[in-house]
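> Sequence first, predicted coordinates after that:
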Amino acid sequence: MAANWSELHSELVELILKRLGLVEKVQFKAVCSSWNVAMQSYTSSPTYIPLPQIPWLLFPNYPQPQQGHHYHEQYYCHMSLINVEDNKLYNIKNLFKGFSKVLCLGTSYTWLMILEKEANPHLVNPFSPQLKIQLPSIETLFMSCSSSLLLLKQLLRKMYISKAILVPDSFRNKSYSVVVIIFGLKRRLAFCKLGDSTWSQFGNDICYDDIICCNSMLYVFHSTTLVEVWDIRSDFPKKVLDLELYTIIVEVKREFSYLPRPKINFVESMGELFAVLHIIGEDDGEIGFGIYKLDYGGGNWVRMEDLRGGALFISENGSMLVTVGDFLKGREDFIYFTVREKDLDDEYYYNIKVYNFKDKILVDKTDGDEYRRIVWPPLWIVPNLW
């Protein structure tokens, strides 16, 4: 008599799940309904702690439209993922089922923030699409606008929210207390707590460039080379400190022969905050990085000569520094970053490059076609099933 694999004892199932990687877990829960339930029970357990993961690259995948359909009807329906550890490409079909004309705004931890046709933002876990959280409509940011707002919705969808992050309320990053965004043509700040029906504006009357959360504090960078530090643990954010970046910007520009002003990304890792200054020569394409760690005691930035065995992942909508461990052996101190390039036909696309920060050289580790000619800005996302 054949064994009924769907009736495995729960303790045996748990032992199996502890030994499976992410892809195997996804395949496991797709076998049958009982295994799907077992997976949900396993990952929702208070004792479950997910294994460390390196970020995967996420980007839109546009299939050929079916007969009688048009591209806009499949807009952002399908996504592709690249696991840089094994250089494998995975396709996720109908990720945004139930939504219409989705745009991706960015990633934060495991979550993907999207805008659908009516300009309503949602949080979606692409590894468990049933996990969705609706956020307040961006219309609540300008209640005083006239009815002409309806004519601007398509424009708003494409440009109104330029950056979004989630603030975790537990060390496991399993739930979130606050969402913070940079919005509007003037790049202002707003936040909402999960469960709120409206967005609340805060901050100064200046254009903000980047936001990141570290140790329950919000760090906000703007074009004057200052970083504002906001305490977001109370009902309303409170500014507590300004940090200067001018000195390290000058240092990096001097090191690279006064090339154009570096692009600055902020990265949080294990309670520490890093400023990553990335510079590319306009004429010769010279690439360089300067990485600094914030000294909380002195309020100054300390130059890093290596990544302490970690790997850095940088994109327009978010950056991550992770411990390599057993995942990327031999690639310690590597920086994976996205670059917008132009081909011979003057068409722009995104490419992924790899830089050895310790040896200060560009490493070509992305020969596969999966890394080439990505039309829309790719995102780094940490894979998890919850």
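Received it, and whenever you're ready, just let me know what you need.
> Helix or strand next in line after the helix-or-strand element of the chain with minimal mean pLDDT, which one?
Ranked by mean pLDDT, DSSP states H and E, the weakest helix or strand in the chain is helix 149-159, scoring a mean of 56. Using DSSP states H and E, the helix or strand that follows helix 149-159 in sequence is strand 161-168.
> Which elements pack onto the helix or strand following that next one?
Note on strand 161-168: by DSSP H and E, the next helix or strand toward the C-terminus is strand 176-183. Judged by 3 or more CB pairs under 8 Å, 6 or more residues apart in numbering; DSSP states H and E, the packing partners of strand 176-183 are strand 161-168, strand 188-193, strand 208-214. Backbone N, C-alpha and C define where each C-beta goes, glycine included.
> The last one relative to strand 176-183, how many degrees between them?
Relative orientation of strand 208-214 versus strand 176-183 (axes from the mean of the first three to the mean of the last three CA atoms, to 10 degrees): 170 degrees.
> So what touches strand 208-214?
The contact list for strand 208-214 (CB atoms under 8 Å, 6 or more residues apart in numbering) reads 163, 165-168, 180, 182, 187-189, 218-223, 232, 264-268, 271-273.
> okay, the angle between it and strand 161-168?
Using the same axes, to 10 degrees: strand 208-214 against strand 161-168 is 10 degrees.
> quick check: angle from strand 208-214 to strand 188-193?
30 degrees.
> so what strands line up beside strand 208-214?
strand 217-222 (antiparallel) (DSSP bridges).
> CA atoms only: put the partner strand into PDB for me.
Extracted C-alpha coordinates of strand 217-222, given in PDB (Å, rounded to 0.1, in the frame of the first residue of the first chain):
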ATOM      1  CA  MET A 217      15.400  56.400  15.100                       C
ATOM      2  CA  LEU A 218      14.700  57.800  11.700                       C
ATOM      3  CA  TYR A 219      17.700  59.200   9.800                       C
ATOM      4  CA  VAL A 220      16.700  61.600   7.000                       C
ATOM      5  CA  PHE A 221      19.200  63.000   4.400                       C
ATOM      6  CA  HIS A 222      18.600  66.100   2.400                       C
END
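> Next SSE downstream of that strand?
strand 226-231.
> Now do the contacts for residue 190.
Taking CB under 8 Å, 6+ apart as the test, what residue 190 contacts is 141, 180-181, 183, 199-202.
> what about residue 254, neighbour count?
9 (other CB atoms under 10 Å).
> ditto for residue 352
22.
> What residues are bridge-paired with it?
Beta-bridge partners for residue 352, by DSSP bridges, are residue 338.
> distance of it from residue 12?
40 Å (CB to CB, to the nearest Å).
> ditto for residue 382
Where residue 12 is concerned, residue 382 sits at a distance of 29 Å (CB to CB).
> of the two, who's got more company?
The neighbour count for residue 382 versus residue 12, taken as other CB under 10 Å, is higher for residue 382 (20 against 9).
> can you tell me which residues contact that one?
53, 55-56, 109-110, 320.
> if we go to 10 Å?
The contact partners of residue 382, by CB atoms under 10 Å, 6 or more residues apart in numbering, come to 50, 52-56, 107-111, 127, 173, 313, 320, 322.
> The residue most central in space within the chain pairs with what?
Centroid check for the chain by CA atoms, centre = their mean gives residue 107 as the closest residue, at 3.0 Å. With DSSP bridges as the criterion, residue 107 is bridged to residue 112.
> hang on, the earlier thing: what subset of the contacts of residue 190 is buried?
141, 180-181, 183, 199-200, 202 (16 or more other CB atoms under 10 Å).
> Can you say which two of the residues you listed are spatially most distant?
Pairwise distances across the buried ones among the contacts of residue 190 peak at 13.0 Å for 141 and 180 (criterion: CB to CB).
> which residues are common contacts for those two?
190, 199.
> now the end-to-end length of stretch 236-249.
End-to-end span of stretch 236-249 (CA to CA, to the nearest Å): 32 Å.
> Give me the contact list for that stretch.
Against stretch 236-249 from outside (CB under 10 Å, 6+ apart): 178, 180, 189, 191, 200, 202-204, 217-221, 224-232, 261-262, 264, 273, 275, 277, 279, 290-292, 294, 299-303.
> 6 Å instead, please
202, 225-231, 292, 301 (CB atoms under 6 Å, 6 or more residues apart in numbering).
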